[in-house]
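> here are the coordinates; sequence isn't available:
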């Protein structure tokens, strides 16, 4: 997935504001699920709401106004009640790594109680190879 950096994404120095990377991760997770046939909105209608229970971000180099960033997203760990996504954000032209990170999401019901995910979703999202839980390099 690509994100073009606009002025509104940056601080006064033209560098992407650090918290925006978490928003970009969120967009990438949504796209990841949708390309595999799972709508976050549909899951919410079925009573499954994802909440972030852990997030890590390693800032490697600044993203700047006018650049286009490419977000690579992978599933690291899938259980019946949680998903871990790993993200790497690169600058499109040079391939320079800007940010690496991960987010662990728990599945909850509408009352905030942890709930089990559908077995089909878990099977679809299982990584092909075991992951270390760390973002790809």
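Yep, that arrived. Being a predicted model, the structure only gives us computed values, none of them experimental.
> May I see the buried residues of the least confident helix or strand in the chain by mean pLDDT?
Taking all helices and strands of the chain together, the one with the lowest average confidence (mean pLDDT, DSSP states H and E) is helix 119-125, at a mean of 89. Neighbour-count burial for helix 119-125, with 16 or more other CB atoms under 10 Å as criterion, is recorded at 121, 122, 125. C-beta here means a position set from N, CA and C on the backbone, and glycine is covered the same way.
> ok, the first one - contacts?
The one in question is residue 121. For residue 121, the set of contacting residues under the criterion of CB atoms under 8 Å, 6 or more residues apart in numbering consists of residue 38.
> Stretch 66-74 - what's its average pLDDT?
Predicted confidence along stretch 66-74 averages 97 (mean pLDDT).
> and that stretch, which residues are buried?
Of the residues in stretch 66-74, those buried by neighbour count under the rule 16+ other CB under 10 Å are 67, 69, 70, 71, 73, 74.
> Helix or strand next in line after the strand or helix carrying the fifth one, which one?
Just to be clear, that refers to residue 73. Take DSSP states H and E as the rule and residue 73 turns out to sit in strand 68-78. Past strand 68-78, further along toward the C-terminus, the next helix or strand under DSSP H and E is strand 82-91.
> Listing partners with orientation, what would you give for that following strand?
Note on strand 82-91: by DSSP bridges, its sheet partners are strand 68-78 (antiparallel), strand 97-108 (antiparallel).
> Next, report how far it is displaced from the centre of its chain.
Relative to its parent chain, strand 82-91 has a centroid offset of 5 Å by CA atoms, centre = their mean, to the nearest Å.
> oh, and call the first residue 23 from now on, that's how I've got it
Right, with 23 as the first residue, what we last looked at is strand 104-113.
> Could you tell me how far the least confident helix or strand of the chain lies from the centre of the chain?
18 Å.
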